[in-house]
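Asks: Predicted model and sequence follow; I will ask about them next.
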Amino acid sequence: MALGTGIRCLTTDEKAFTILAHLGAIFNGLGGIVIGAAPSLVSSRWFPPNERTTATGIGCTFNQLGNAGGFFFGPWLVHLPGNHSKPDNTTSDTDVEDLRRAIYDYMWISKL
């Protein structure tokens, strides 16, 4: 998962970023299989039988809440800067570069 998250941060070039983002998603998907099984594995090894259901439920819940955090922080950190009420709904090159930089920063923050 670290590899999948890290390779997205290598460049802001549009074509290279698209390829790296897709490769990163594949690596993260493969790592997600292991992470998805972790709560039940941990609860079966560390907790007595009468506490395993609760431990598994808590682990799965917090795993999903962590994933949901990306849906809150992404739009909060990445937004189109500048005037949102332009009458012709166009964006300037500066707006596109600012947006590209905000996405790049978000990728670095999500890597941590």
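Replies: Right, received. Where do you want to start? Everything numeric here is computed off the predicted structure, so don't read it as measured data.

Asks: Using the centroid of the protein, identify the residue furthest from it.
Replies: Distance from the C-alpha centroid of the chain, by C-alpha atoms, centre = their mean, peaks at residue 50 (34.5 Å).

Asks: The longest helix along the chain packs against which elements?
Replies: Taking DSSP state H as the criterion, the chain has its longest helix at helix 14-46. Under the contact definition 3 or more C-beta pairs under 8 Å, 6 or more residues apart in numbering; DSSP states H and E, helix 14-46 sits against helix 2-6, helix 52-77. For glycine as for every other residue, the C-beta is placed from the backbone atoms N, C-alpha and C.

Asks: Quick one, which of those gets closest to residue 21.
Replies: For the helices and strands packed on helix 14-46, proximity to residue 21 was assessed by C-beta to C-beta; helix 2-6 is nearest, at 9.7 Å.

Asks: export the closest one as PDB, just CAs?
Replies: Extracted as PDB, the C-alpha positions of helix 2-6 are listed here (Å, rounded to 0.1, in the frame of the first residue of the first chain):
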ATOM      1  CA  ALA A   2       2.900   2.300   0.700                       C
ATOM      2  CA  LEU A   3       4.200   1.700  -2.800                       C
ATOM      3  CA  GLY A   4       0.800   2.300  -4.300                       C
ATOM      4  CA  THR A   5       0.400   5.600  -2.400                       C
ATOM      5  CA  GLY A   6       3.900   6.800  -3.000                       C
END
